[in-house]
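Undergrad: with the sequence up front, the predicted model follows.
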Amino acid sequence: MWVPLLTDLLLYLLLAGLTTYGFITLRSARLREPWRRVFARPVGAATAVMLLAFLAVAVLDSVHYKPPVTNDDGTVERYGPEVISLFDALVTPLRVHDEKTYSAPFATRLYVREMVTQDDGTVAFVYQPLRYGGSLLQEDTTRRADLLAKALRGFGWGALAAAGVTLAALAVAMALTRRRFTILLHTLLRGRTQVAWRSMWLVTVLLLIGIGMLVSLSDGYHVLGTDKIGQDVLYMTLKSIRTGMLIGTLTTLVMLPFALLLGPMAGYFRGWVDDVIQYVYTTLSSIPGVLLIVAAILALQVYMQNHPDLFDSAAARADIRLLFLCIILGVTSWSSLCRILRAETLKLVQIEYVQAATALGVGHFRILGRHIVPNVMHLVLIQIVLDFSALVLAEAVLSYIGVGVDPTTFSWGSMINSARLELARDPIVWWPLAAAFLFMLVLVLSANLFSDAVRDAFDPRLRHGVATS
């Protein structure tokens, strides 16, 4: 039974908007040209593939449902109380193969000793074997040999999938361009294309090989170890992708209407309208953001405790808190974009075609919609992409201090917060922090590099400066 959460629906709405914008861009040469410059750069094309991979995980993790409970004859008796996602179903072994407590990456025994009574009645502290880690290991096979065999098997499956994707892409290119296979392959390998297809192909091949090796190694081992309650760290890290992507994208849906409406209005009408709008965002910027978020989260917690009947599951309660966090971050972060759009509008209203439209009696809001807003959209795109990585890091900081997402929601900030105590253990439990840091680094670095490519392609001042130099 499909159980749509509010953040799921908003993500679907965002994907529909991006798809619509993509179709409009393909049909318009003016909109298509700057994006061609973005993907003409190897860095922009490669990081776009990485961001699409993270988005694919977030989308799969945003299709929630209640699994059916069947009778012996196969008929559905009822639906279970647990709400899981399509991603949970795909990685079921990672989700259900829990251990007793900590275990290191690729370990076959627990990380801490336990007191056990041996057959002769003596008591000893030993490292107990894991229930799932290394359980498929044959008696006559060493762990290193088994890991090597699984890694090579995963490499082979990943390479086979990469070859299939490559052949399919070349077949589509042959049908569209009517060119021979060998010519297309030679062009791809030499990188002589307007779009950096070679960079996108290399990143896709590396991703598919990495996924194949992870899937193969996860069949019998905990690749990134387990945490204090024995949960697989790789599963927790992958589940945290959805939280990071939602914080970075849904917050945009909240702040964009405020900035797009108030910024151009302040720069166009000026006078008392400009004064009121400046007073609003200056006052909002003067309020400490962390204190506002803490107050809002505490108020939401009190409301949920007083109205438990409004939330039928733990997933719904956690989802409301995540959505509320996106709203608060959006409300507190639109002022910077509003300032930028106001300043750009003050410059645009002095241009001849805007003054001509005003002299001809064209309505104010028609001028805003046809002449002002379309000419500031490059700034909007640049600022959105730049803010994405900042919002992902903001969620990590807020969860670290305990005012972020719900404790039942997987996030990199919650993993880092838990790792703070684990680093004080002896021996040190380092892998949850390392896993959260690695995945967050890849996402934020990809977003930053992609934002540089978008800024260079959409900013006319940078583009003209490069052309003249």
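TA: Received, thanks. Numbering: from 1, shown residues only.

Undergrad: wait, a strand at Ile229?
TA: No. Counting by DSSP: H, G, I helix; E, B strand; the rest coil, Ile229 is not part of a strand but coil.

Undergrad: list the residues that contact it.
TA: By CB atoms under 8 Å, 6 or more residues apart in numbering, the contact list for Ile229 reads Asp98, Thr101. (C-beta placed from N, C-alpha, C; glycine too.)

Undergrad: give me the phi and psi for it.
TA: Here is the backbone geometry of Ile229 (degrees, to the nearest 10): phi -100, psi 10.

Undergrad: how near is it to Arg420?
TA: Distance, Ile229 to Arg420, using CB to CB, to the nearest Å: 16 Å.

Undergrad: could you do Ala161 as well?
TA: 39 Å.

Undergrad: kindly report the same for Leu13.
TA: 36 Å.

Undergrad: and for Asp232?
TA: Separation of Asp232 from Arg420 (CB to CB) stands at 20 Å.

Undergrad: again with Leu55
TA: Going from Leu55 to Arg420 by CB to CB gives 30 Å.

Undergrad: who's more crowded, these two?
TA: Set Leu55 next to Arg420 and count neighbours by other CB atoms under 10 Å: Leu55 wins out with 17 against 10.

Undergrad: for that one, which non-adjacent residue is closest in space?
TA: Distances taken as CB to CB, 6 or more residues apart in numbering place Met245 nearest to Leu55, at 6.3 Å, with adjacent residues excluded.

Undergrad: can you pull the contacts of the one you found?
TA: Counting by CB under 8 Å, 6+ apart, the residues that Met245 touches are Phe54, Leu55, Val57, Ala58.

Undergrad: now with 10 Å?
TA: Counting by CB atoms under 10 Å, 6 or more residues apart in numbering, Met245 makes contact with Leu11, Leu51, Phe54, Leu55, Val57, Ala58, Val59, Asp61, Ser62, Phe388, Val392, Leu443.

Undergrad: which element follows the longest helix along the chain toward the C-terminus?
TA: If you go by DSSP state H, the chain has its longest helix at helix 233-269. Per DSSP states H and E, the first helix or strand lying C-terminal to helix 233-269 is helix 271-286.

Undergrad: tell me which residues in stretch 30-40 are buried?
TA: The neighbour-count check on stretch 30-40 (16 or more other CB atoms under 10 Å) flags Pro34, Trp35, Arg37, Val38, Phe39 as buried.

Undergrad: so Phe87 makes contact with Tyr65?
TA: No. Counting by CB atoms under 10 Å, Phe87 sits too far from Tyr65 to count as a contact (11.5 Å).

Undergrad: neighbour count winner among these two?
TA: Phe87 (22 against 17).

Undergrad: check contacts around the more buried one.
TA: Taking CB under 10 Å, 6+ apart as the criterion, Phe87 is in contact with 56-64, 95, 235, 238-239, 241-242.

Undergrad: would you mind writing the CA trace of the helix or strand where it lies as CSV?
TA: Using DSSP H and E, Phe87 maps to helix 86-90. Provided in CSV are the C-alpha atoms of helix 86-90 (Å, rounded to 0.1, in the frame of the first residue of the first chain):
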residue,chain,number,x,y,z
LEU,A,86,11.5,1.2,-2.5
PHE,A,87,15.2,1.7,-1.7
ASP,A,88,14.8,-0.3,1.5
ALA,A,89,13.3,-3.2,-0.5
LEU,A,90,16.3,-3.1,-2.9
